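>>> give me a 3D structure for the following:
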Amino acid sequence: MSQAFAGDGQHFESVIGPHRPLLLGLARKLCRNSGAADPEDLVQDTLERALRHFDQLREWSDSTRRAWLCTTLQRKFLDQCRRQRTENSEGPDLERVGAPVLVREPRAWRTWERVSDEELRWAITRLRPPLRTAFELHLAGLRYKAIAEKLGTTPGTVGFWLHQARRELKALLRPVAAAHAEEHAP
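Numbers count the residues shown, from 1 in each chain. Alright, predicted model coming up:
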């Protein structure tokens, strides 16, 4: 590290030091709900990187330096999260451990998977006009904004209409799905 930083430590501390409380606060906020990293370690890693790039950093304005430091800290945090996720997902090699391989039971049908396309179309025709129109346009692949423009309303209203349409469809199809479930019950 001495090769990367030829300046004196006091100059580094005077330029970067004032940002340390901000960095620690950001690190604590990021680490609050994850066991991925320790806030102090994140700050230390960020300061280490700042030390390596100090020749550039000292030339920048204070606000640009602060932005660089915060971005670097966030990237360090994300790197540690990714690293931890990779370590957790790899797990032990079951063949070397000699653990038995579990076979899953076939999954049960979900209630809504038993509803036919015909029954769904029937339920859609029973929706109130603005809900039905919005839902049909959404099924056709239009986004909220395009539906809103076509119907002369706002995307927020379209979102509400689609939410209401789904609720009504569930209410209409629940008895149909339950009847299918009873037919296929053992």
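
>>> can you give the domain ranges for this structure?
Structural domains annotated on the chain: 9-89, 112-183, as defined by automatic domain parsing.

>>> hey, least reliable of these by pLDDT?
Of all these, the minimum mean pLDDT falls on domain 9-89 (a mean of 83).

>>> any chance of the domains of the chain in a markdown table, plus mean neighbour count?
Yep, even glycine has a C-beta here, placed from its N, CA and C like the rest. Conversion of the domains of the chain to a markdown table gives the following (neighbours: other CB atoms under 10 Å):
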| stretch | mean neighbour count |
| --- | --- |
| domain 9-89 | 15 |
| domain 112-183 | 15 |
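
>>> helices of this structure, start to end?
Applying DSSP state H to the chain gives helices spanning 9-16, 20-31, 39-52, 54-57, 62-90, 94-97, 117-125, 129-139, 144-151, 155-183.

>>> counting by contacts, list what the first one packs against.
Secondary structure elements in contact with helix 9-16, counted by 3 or more CB pairs under 8 Å, 6 or more residues apart in numbering; DSSP states H and E, are helix 39-52, helix 54-57, helix 62-90.

>>> show me what the shortest one is packed against.
Using 3+ CB pairs under 8 Å, 6+ apart as the contact definition, the elements that helix 54-57 packs against are helix 9-16.

>>> before we move on, the earlier item: closest one to residue 120 among the helices and strands packed on helix 9-16?
helix 62-90 (36.8 Å; CB to CB).

>>> of the helices and strands packed on helix 9-16, which is nearest residue 24?
helix 39-52 (5.3 Å).

>>> now what about the closest one, what contacts it?
Contact partners of helix 39-52, identified using CB atoms under 8 Å, 6 or more residues apart in numbering, comprise 1, 4-5, 12, 16, 20, 23-24, 27-28, 30-31, 57, 68-69, 72-73, 76-77, 80.

>>> redo that, cut-off 7 Å
Helix 39-52 is contacted by residues 1, 4-5, 12, 16, 20, 23-24, 27-28, 31, 57, 69, 72-73, 76-77 when judged by CB atoms under 7 Å, 6 or more residues apart in numbering.

>>> and for stretch 54-71?
Contacts for stretch 54-71 (CB under 7 Å, 6+ apart): 5, 7, 12, 15, 19, 22, 23, 26, 46, 50.

>>> please apply the same query to stretch 23-30.
Counting by CB under 7 Å, 6+ apart, 39, 42, 43, 46, 69, 70, 73, 74, 77 sit against stretch 23-30.
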